Structures are given as structure tokens and as C-alpha cells.
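[1] Would you be able to build a 3D model of this:
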Amino acid sequence: MDKKLLDILACPLCKSPLIYKAEQQELLCKADGLAFPVHDGIPVMLQDESRTLSEDEMDALHQ
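    Numbers count the residues shown, from 1 in each chain. A predicted model of the protein is given here:
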């Protein structure tokens with residue numbers, strides 16, 4: 001994912017910065033505990049398309 005694009009993207013719900021996980025092709029919001037998918041390099045920033053992060057994933061983000 002382009003670093004410039006990542007710098008301007010924010011969570012559509014809370015406007016927090018996002019963390020890009022290339023292996024999973026997801027953008028993660030620590031504040032809301034959501035993961036937004038990235039399809040073919042295009043972030044899908046819709047709440048209906050997001051998934052809730054597990055407790056283990058949330059713990060890893062806060063370390």
C-alpha cells in the first residue's frame with residue numbers, strides 16, 4: 001500500500017489512524033477494534049465490510 005495513501009486514510013467511524021497489515025491485506029483500527037479489507041490494493045472502508053478483531057489481535061496491537 002502506498003505510504004502517502006496510508007498517511008491520509010483514517011477510520012471512517014472514529015477518524016483514528018489505521019495500521020496496514022500486508023500479510024492479511026487489512027487496515028486495522030485500534031480504537032474501534034475493526035479490520036477493513038484491502039482488495040487489489042483498494043481499501044474497502046465500509047463498516048458492513050469490516051470484521052471485529054479478536055482479543056488476541058487487540059492485545060497484539062497494544063504491545
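[2] Please name every helix or strand in contact with the helix or strand bottoming out on mean pLDDT in the chain.
    None of the helices or strands of the chain scores lower by mean pLDDT, DSSP states H and E than helix 3-8, at a mean of 89. With contacts defined as 3 or more Cβ pairs under 8 Å, 6 or more residues apart in numbering; DSSP states H and E, helix 3-8 has no helix or strand neighbours. To be clear about C-beta, it is placed using only N, CA and C from the backbone, and glycine gets the same treatment.
[3] Okay, buried residues for it please.
    Neighbour counts over helix 3-8 (16 or more other Cβ atoms under 10 Å) mark no residue as buried.
[4] Next, report how far the next helix or strand after it is displaced from the centre of its chain.
    Sequence-wise, the next helix or strand downstream of helix 3-8 (DSSP states H and E) is strand 19-21. Centroid separation between strand 19-21 and its chain, computed with Cα atoms, centre = their mean, to the nearest Å, is 6 Å.
[5] average pLDDT across strand 19-21?
    For strand 19-21, the mean per-residue pLDDT is 95.
[6] Pull the residues that contact it.
    When contacts are defined by Cβ atoms under 8 Å, 6 or more residues apart in numbering, strand 19-21 is touched by residues M1, L6, E26, L27, L28, C29, K30, A35, V38, L61.
[7] tell me which residues in it are buried?
    Y20.
[8] going on from that strand, what's the next piece of helix or strand?
    The helix or strand immediately downstream of strand 19-21 is strand 26-29, counting by DSSP H and E.
[9] Okay, buried residues for the helix or strand just after that following strand please.
    Next along the chain after strand 26-29, taking DSSP H and E as the criterion, comes strand 34-39. For strand 34-39, the neighbour count (16+ other Cβ under 10 Å) marks L34, A35, F36, P37, V38 as buried.
[10] Quick one: name whatever helix or strand follows strand 34-39.
    Next element after strand 34-39 (DSSP H and E): strand 42-43.
[11] And the next helix or strand past that next one?
    From strand 42-43, the next helix or strand downstream (DSSP H and E) is strand 51-52.
[12] which other residues reach that following strand?
    Under the criterion Cβ under 8 Å, 6+ apart, residues G33, L34, A35, P37 lie in contact with strand 51-52.
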